[in-house]
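1. this one's structure only:
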């Protein structure tokens, strides 16, 4: 028998009034996976995060965590969940140690067990000398670390992180990602994170791309990139619409106009670049050529540029 | 049972520690009632003699127990505001995803807020000589019991509001339209004797009227005549206790329903 998956979500929807934040999302996260929900702001990630962390009821559909229904058995789910919020859920007027102390009590830890566990977490996250500092005196990066220590204090089986690297400098971000890998490999923690940072999703086992409340793609980063047809070529020219027609006539490709450039997915892209440049001397301003990134996957799936979405999403919503 | 009590105790403790760290809160909750009391009490003392009280009761003395209730009300309002803020981006988010019942969260908050309110009410009690009220030990003990009940009830009223509000913007309207009138119409400011009948009825229906009466009755426990014409002690206590239990139950069920 297969073990029960860490997360199983079926046809999950959430409306805010008449606005659809989440439109029938279905996916499974296996135990021990590092899973990213990638999408631009407004794509539905935060809504999904809130539903999974039991803060928000779904309008319809089902969600189970380790086989327990979020609706019927929220307390059993909560006991196995560690949640790391984007805006840290810390009390700034309390010290680091006191925040962990109260948090431990909420999870039924107390006394010696709590003290040992708390000390171990602070040690692990390099916060041991900060235990007596008031949280409000710490930098944003340190606060995120305290938030992580808090989320892991009770040894959760599933760690949910909302935009974990927001507000971290590159060094801290790398440490943070290393630590997530360690947790997954050494302690078998299943990790689900939301992110709008492509690099961060790239490091995960599987990535689900959320766009306007729908899961538009779900696979390993490599498989996702493989479904983009080969290489990605972007061409800028003087008169784009006219140039586009010429391209279509000559090469029979389907260029998409994205962000002021014609974007073409093409196997053996390097040969295509040479042919295009030779075919239209003097008309091309620039050509970029690359292996597909997750951003290309996003464009491929939605026809939109990733970073434009926050703005366009607002308008179309 | 420890699954219920441990979160209650820890949230209660947190409120106290926070309060100790923010000493300015103590001053702000006490100073407004103190200024009101001295200015209104002093100003009206020449022109206004509360009806239904024995000769010699000045307005400063009449207003004094009312100001204790106002101190408690202000502290409850402060707890309300901090809960609203806490829920949006703060400690409470983490509490809500923890495996603890909503009732234990609300009980921890209510006990925390009520303890702070009681503490400040007791500090105001020290001003009794200034009001011309002579307190006996029995009066102090009875007064503290009543203050505990009223503190718990008013904090629960605040939590009832806090758990259904998503921002503190709308809170000021609630404060001016509901919380302050409850205080004005409790007999804190003027006695029910001789007021227009609509106001008289509102005062009789106002649960805080009985908390107010219980406090006056307690402070004048050896000398009931000095307390003036009031609802009697026993029914006042019963109604105040019921008020506390009812508002708490309501706040807990509000918290259960408002998941967000």
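-> Thanks, I have the structure now. Just so you know, these numbers come straight off a predicted model, no measurement behind them.
2. tell me which helix or strand comes right after the helix or strand encompassing residue A:144.
-> Taking DSSP states H and E as the criterion, residue A:144 maps to helix A:140-152. Next along the chain after helix A:140-152, taking DSSP H and E as the criterion, comes strand A:158-162.
3. ok and that next one relative to helix A:140-152, angle-wise?
-> 150 degrees (axes from the mean of the first three to the mean of the last three CA atoms, to 10 degrees).
4. after strand A:158-162 comes which helix or strand?
-> Remark: after strand A:158-162, the chain's next helix or strand is helix A:170-187, criterion DSSP H and E.
5. by contact count, what packs against that following helix?
-> Judged by 3 or more CB pairs under 8 Å, 6 or more residues apart in numbering or on different chains; DSSP states H and E, helix A:170-187 is in contact with strand A:34-38, helix A:140-152, strand A:190-195. From N, CA and C alone the C-beta is placed, and that goes for glycine too.
6. now do it, average pLDDT.
-> Helix A:170-187 carries an average pLDDT of 85.
7. pull the residues that contact that helix.
-> Residues outside helix A:170-187 that contact it (CB atoms under 8 Å, 6 or more residues apart in numbering or on different chains): A:32-34, A:125, A:141, A:144-145, A:148, A:152, A:155, A:159, A:164-165, A:168, A:189-191, A:193, A:200, A:203.
8. now those: which count as buried?
-> By neighbour count, with 16 or more other CB atoms under 10 Å in any protein chain shown, the contacts of helix A:170-187 hold A:32-34, A:125, A:144-145, A:148, A:152, A:159, A:164-165, A:168, A:189-191, A:193, A:200 as buried.
9. one step back: the contacts of helix A:170-187 also near chain B: which ones?
-> Among the contacts of helix A:170-187, no residue is within reach of chain B (CB under 8 Å from any CB of the partner chain).
10. so where do the helices sit in the stretch 201-317 of chain A?
-> Using DSSP state H, counting those that start in this stretch, the helices found in the stretch 201-317 of chain A span residues A:221-226, A:240-251, A:269-279, A:294-302, A:309-316.
11. nearest to chain B among the ones you listed would be which one?
-> Checking the helices of the stretch 201-317 of chain A against chain B by CB to the nearest CB gives helix A:309-316 as the closest, at 20.1 Å.
12. which positions in the stretch 1-150 of chain A make contact with chain B?
-> Counting by CB under 8 Å from any CB, the stretch 1-150 of chain A sits next to chain B at A:50, A:53-57, A:75-76, A:78-79, A:81, A:83, A:85, A:87, A:89-91, A:93-94, A:98-99, A:101-103, A:105-108, A:110, A:134, A:150.
13. rerun that using 7 Å as the cut-off
-> A:53-57, A:75, A:78-79, A:81, A:83, A:85, A:87, A:89-91, A:93-94, A:98, A:102-103, A:105-108, A:110, A:150 (CB under 7 Å from any CB of the partner chain).
14. thinking again about what came up before, okay, the helices of the stretch 201-317 of chain A in TSV with mean neighbour count, distance to chain B and mean pLDDT next?
-> Output for the helices of the stretch 201-317 of chain A, formatted as TSV (neighbours: other CB atoms under 10 Å in any protein chain shown; distance: least, CB to the nearest CB, whole Å; pLDDT from 0 to 100):
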stretch	mean neighbour count	distance to chain B	mean pLDDT
helix A:221-226	16	29	81
helix A:240-251	14	44	84
helix A:269-279	15	46	83
helix A:294-302	21	29	79
helix A:309-316	13	20	40
